[in-house]
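Visitor: structure for the following, please:
(chains A and B)
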2 protein chains.
Amino acid sequence: MSKESEAQHRLGPLRNPAIDAAVLEATRQLLVEKGYAGTSIDAIATRAGVGRPTIYRRWPSKAHIVNEAVYPVLDTEQGADIDTELGNEGSMGDQVRALVQGAVRLFAAPATRAAAPGLMSELRSDGALRDVLLVRQLAGVRAELERRLVSASARGEIRDGIDVDVLLDILGGAAIFAMSVRDVDDPAPVAEALADIVLHGILPEAQASS
Amino acid sequence: MSKESEAQHRLGPLRNPAIDAAVLEATRQLLVEKGYAGTSIDAIATRAGVGRPTIYRRWPSKAHIVNEAVYPVLDTEQGADIDTELGNEGSMGDQVRALVQGAVRLFAAPATRAAAPGLMSELRSDGALRDVLLVRQLAGVRAELERRLVSASARGEIRDGIDVDVLLDILGGAAIFAMSVRDVDDPAPVAEALADIVLHGILPEAQASS
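Guide: Numbers count the residues shown, from 1 in each chain, chains lettered A, B, ... in the order given. Next up is the predicted model:
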C-alpha cells in the first residue's frame, strides 16, 4: 500500500474508494458462496487483497461491512432517493406496487438473501449496527412512508389508522421471508401477490377494486 | 450418568426426557441472556449440567437444539394441534385474528425473539435444519392453511387467488420483524394492526367491513 493511501486511511473521510469497493465486492461474493456465518473478515481481506488492519480501520465488525455491502444508504436528507425507492407517482395502486416491488427487489439480490437474516440477528446485540440499520437507514423510509399514509388517509385514499410500523413489518418481513427463507427463484409473482394483499389491506372498503 | 440412562441414549427413541428438558431450558435461558451467536453448545452443556457427548448424541448442531427449544413441533399428522394454532372457529375475521395472534405469540417469547433470525440464517446452509423447519414443521401449517383458503374462497368468504405462501410470508415475516428486529414490548397492538391489514387484504371487496 502506498504512503499516500495510508495517509488517506488515517484521515478517515478521505478513504480510498477503490479499496472500499474491493472489500464490499469481495464481501458480496463470499456471502453468496459461503453464507453469512461462513463469511469472515479474514476471508474478505484475502479476497479483496487488503490487510485486516485496512478493514478494521474502516468498519468496526463484519456485520457493518456486510450491511454496507448489501443495503443502500437512504439517509433522511436524501429525499430524492427515498421518493424513488417508495414510488411517488400515480394511483394508490401504482404507489403500493412500486413500494412492494422496491422492497422485494432490495431483498432479492443473492448477497442480500444471504445477509439479511444474519444482520437481523446481529443487530439485537450490536447497538452500533442497530443505530446504522434502524435509525440511519430505516427511519428515513419510515418517516416518508408515514407522511404519505397520513396524507393519503386525509384524502380518503386509504383507511384511517393504518399502522406505519406494521406496514413496514409486512413489507420488510414478508420480502425477507420469501427471499431468504423460502428462497424463491422468481421475485415477480411474490411482489405481485404481496402488493395485492397489502393494497386491499389498506384501501377504503368501497375502493378496494381500484 | 447411570448405566441405564446411557443405554437409553444409545436407543435413541428412549431418550431421558429430563435431560432433554434441561438442555432445552438451558438453551432458552442462554438465548435470552447472550443472544443467538453467544449461545454455544459448550455453554448449553455447562448450564444444563450434562456433557457435550450427551448433547451431540441427541442433536446434530446448535441450530437443531435452538429450533427444538423455541418452536413447537406441528407435524402434519397432528391435525388437532394445527387446528388450534390456526384458529378454526367463528367468522373469517375471528379466524384471521386467531391465526395472526398465534403467529405473533409464537415469535414474541423472549428466547424465540433471540433465535428466529439466527435460525433463518442457518437454514440457508444447513439442509437438515431446512428439512426440519420448512418441511416437517411449516409444511403442515401451510397445507392446512391452503385447504382453508380454498374452501373459504369457494364459499365466497375471501377473494379468489390469495397466495398461501405469500400469506405465510406476511404472517411469519411481519411477526419476526416486529418481535426480533423492532423488539416491540407489547405484542397485542402489533397483532391487532396486522390482523386488520391481512383481513382487509383477503376479504372480498364487498365484505371488507365484516
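Visitor: quick check: what element follows the helix or strand containing residue A:150 along the chain?
Guide: With secondary structure defined by DSSP states H and E, residue A:150 is part of helix A:139-154. Tracing the chain C-terminally past helix A:139-154 and defining elements by DSSP H and E, one meets helix A:164-176 next.
Visitor: angle of the next helix or strand along the chain from that next one against helix B:164-176?
Guide: Moving toward the C-terminus from helix A:164-176, the first helix or strand encountered (DSSP H and E) is helix A:187-202. When axes from the mean of the first three to the mean of the last three Cα atoms, to 10 degrees is applied, the directions of helix A:187-202 and helix B:164-176 differ by 70 degrees.
Visitor: mind giving me the packing neighbours of helix A:187-202?
Guide: The criterion is 3 or more Cβ pairs under 8 Å, 6 or more residues apart in numbering or on different chains; DSSP states H and E, and the helices and strands that helix A:187-202 contacts are helix A:92-108, helix A:164-176, helix B:164-176, helix B:187-202. Using the backbone N, CA and C atoms, a C-beta is placed for each residue, glycine as well.
Visitor: list the buried residues for that helix?
Guide: Residues of helix A:187-202 classed as buried under the neighbour-count rule (16 or more other Cβ atoms under 10 Å in any protein chain shown) are A:187, A:190-191, A:193-202.
Visitor: farthest-apart pair in the residues you listed, please.
Guide: A:187 and A:202 (21.5 Å; Cβ to Cβ).
Visitor: residue A:60: neighbour count?
Guide: Other residues within reach of residue A:60, judged by other Cβ atoms under 10 Å in any protein chain shown, total 12.
Visitor: mind checking which helix or strand the closest residue to it other than its chain neighbours is in?
Guide: Counting by Cβ to Cβ, 6 or more residues apart in numbering or on different chains, residue A:128 is the residue found nearest to residue A:60 once chain neighbours are left out, at 6.2 Å. Taking DSSP H and E as the criterion, residue A:128 maps to helix A:127-130.
Visitor: so what touches that helix?
Guide: The contact list for helix A:127-130 (Cβ atoms under 8 Å, 6 or more residues apart in numbering or on different chains) reads A:60-61, A:63-64, A:67, A:119, A:122-124.
Visitor: how about it, which residues are buried there?
Guide: Applying a neighbour-count criterion of 16+ other Cβ under 10 Å, one finds residue A:129 buried in helix A:127-130.
Visitor: cool, stretch A:26-43 as well?
Guide: A:26-32, A:35-37, A:39, A:41, A:43.
Visitor: show me the domain layout of chain A.
Guide: Domain segmentation of chain A under automatic domain parsing yields A:3-69, A:72-207.
Visitor: Serialize the helices and strands packed on helix A:187-202 to JSON lines and add fields for mean pLDDT.
Guide: Conversion of these to JSON lines gives the following (pLDDT from 0 to 100):
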{"stretch": "helix A:92-108", "mean pLDDT": "94"}
{"stretch": "helix A:164-176", "mean pLDDT": "97"}
{"stretch": "helix B:164-176", "mean pLDDT": "97"}
{"stretch": "helix B:187-202", "mean pLDDT": "97"}
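Visitor: can I get the ones you listed in a markdown table including distance to residue B:94?
Guide: Listed next are the helices and strands packed on helix A:187-202 as a markdown table, based on distance: least, Cβ to Cβ, whole Å:
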| stretch | distance to residue B:94 |
| --- | --- |
| helix A:92-108 | 27 |
| helix A:164-176 | 20 |
| helix B:164-176 | 16 |
| helix B:187-202 | 10 |
